[in-house]
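In: model this:
(one chain, ligands or ions: 1)
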Amino acid sequence: MKVESKHIIKTNNLSIGYTSRKEVNTIASNLNIQLKKGNLVCLLGKNGIGKSTLLRTLTKVQPALNGEIFINNQNLNTLNNLNLSKSLSLVLTERLPESNLSVFELVALGRQPYTNWVGKLTDNDLQFINTALEQTNTTHLIHSRYYELSDGQLQKVLIARALAQNTDLIILDEPTAHLDLHHTLETFTLLKKLAVNFNKTIIVSTHEINLALQLADELWLMTPSNFVSGKTNTLIANNYVNQLFDSNLIHFNKTLKQFTISNSQ
Ligand SMILES: Nc1ncnc2c1ncn2[C@@H]1O[C@H](COP(=O)(O)OP(=O)(O)OP(=O)(O)O)[C@@H](O)[C@H]1O
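Out: Numbers count the residues shown, from 1 in each chain. Down below sits the predicted model:
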């Protein structure tokens, strides 16, 4: 009998990167990720290290260079788009193409995998949409047009769309990049709540390192030499966190569990 793993995401010797006609640019290789359900994971690493590339590969937005990815024990390559969109939702930072959609219509798109061919929304769909708007504090924007939203408002609406999609796994690429401190905290608190109260698995790439250290159940750290994952305290104790930046300007204070500015003297 085949024993199925409990991992919502599992990778075998995954390599990520880009292929052009002339060459292969490998960003990271031999990634063996195993993630259990119900965790808030923060993916950390300096600019250009490959966080977006990893998230785009895990979500089939771009192909893996090598290796395998399993989502809920199913090989990503064998998942069709409908089943993929019932398994995971994705929040990217890139602006969508210009459109006339209202916030309601944008969030309603999250229900697309569940609606019939006419796309008629049921009471159940409306319930998911309204709850998603409430959870992200965007109900007041419901009639606004996409192009009228600030970057921060749009980010929250896109999170609402992912919530309306009601998937076990939600993957977000720098969701707080355009948010002020208050809204950043609000977003992270919401993500944590979704993991704790609703057993959602959330993977979020972020530069909010100090927040990640406080809130994440697990960290994924990308450095030029390796990829490590694990509980925050274990990674701190094993000196992985302080290797995130090769910089004289900041250092990691183990007692405070924070990066602080280095003494210039
Ligand atoms: N479409 C692309 N084609 C070729 N190379 C790319 C492409 N997109 C990104 N890269 C390269 O891949 C590397 C990793 O980029 P990526 O965007 O994944 O980093 P990141 O960790 O998300 O960075 P940031 O924190 O700045 O958003 C970079 O060297 C980047 O130049």
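In: Please tell me the pLDDT value assigned to the residue nearest to M222 when sequence neighbours are not counted.
Out: Counting by Cβ to Cβ, 6 or more residues apart in numbering, G45 is the residue found nearest to M222 once chain neighbours are left out, at 3.4 Å. Bear in mind the C-beta positions are built from the backbone N, C-alpha and C, glycine included. G45 is assigned 95 on the pLDDT scale.
In: do the same with P224
Out: As predicted, P224 sits at a pLDDT of 86.
In: List phi and psi for it.
Out: phi -60, psi -30 (degrees, to the nearest 10).
In: Count the neighbours of it for me.
Out: Neighbour count for P224, taken as other Cβ atoms under 10 Å: 11.
In: looking at it, it is touching G48, isn't it?
Out: No. Counting by Cβ atoms under 8 Å, P224 does not reach G48; the two are 10.0 Å apart.
In: what residues are up against the residue nearest to M222?
Out: Residues in contact with G45, defined by Cβ atoms under 8 Å, 6 or more residues apart in numbering, are K51, L221, M222, T223, L244.
In: So it versus the ligand, what's the distance?
Out: Per Cβ to the nearest ligand atom, to the nearest Å, G45 is found 5 Å from the ligand.
In: Please apply the same query to I71.
Out: I71 is 20 Å from the ligand, by Cβ to the nearest ligand atom.
In: Against T167, how distant is that residue?
Out: 10 Å (Cβ to Cβ, to the nearest Å).
In: I129 now?
Out: Distance from I129 to T167, by Cβ to Cβ: 15 Å.
In: neighbour-wise, which of these two wins?
Out: I129 (23 against 20).
In: Run through the helices of the stretch 51-200 of the chain in chain order.
Out: Secondary structure of the stretch 51-200 of the chain (DSSP state H, counting those that start in this stretch): helices at 51-58, 81-87, 103-108, 123-135, 151-164, 181-198.
In: Kindly reformat these as CSV and extend each row with mean pLDDT.
Out: What follows is these, written out as CSV (pLDDT from 0 to 100):
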stretch, mean pLDDT
helix 51-58, 96
helix 81-87, 93
helix 103-108, 95
helix 123-135, 95
helix 151-164, 91
helix 181-198, 91
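In: Can you add distance to the ligand and give these back as TSV?
Out: Putting these into TSV (distance: least, Cβ to the nearest ligand atom, whole Å) gives the following:
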stretch	distance to the ligand
helix 51-58	3
helix 81-87	21
helix 103-108	23
helix 123-135	26
helix 151-164	15
helix 181-198	16
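In: Which among these is found nearest to G38?
Out: Comparison of the helices of the stretch 51-200 of the chain against G38 by Cβ to Cβ identifies helix 181-198 as nearest, at 5.9 Å.
In: May I see the buried residues of that closest one?
Out: H183, T184, E186, T187, F188, L190, L191, K192, L194, A195 (16 or more other Cβ atoms under 10 Å).
In: do the same with stretch 68-81
Out: Across stretch 68-81, burial judged by 16+ other Cβ under 10 Å covers I69, F70, I71, N72, L76, L79.
In: what bridges to V24?
Out: On the basis of DSSP bridges, V24 is bridged to T19.
In: Surely it and A64 touch.
Out: No. With contact defined as Cβ under 8 Å, V24 does not reach A64; the gap is 12.0 Å.
In: more neighbours, those two?
Out: Using other Cβ under 10 Å as the criterion, V24 and A64 rank with A64 on top: 19 against 11.
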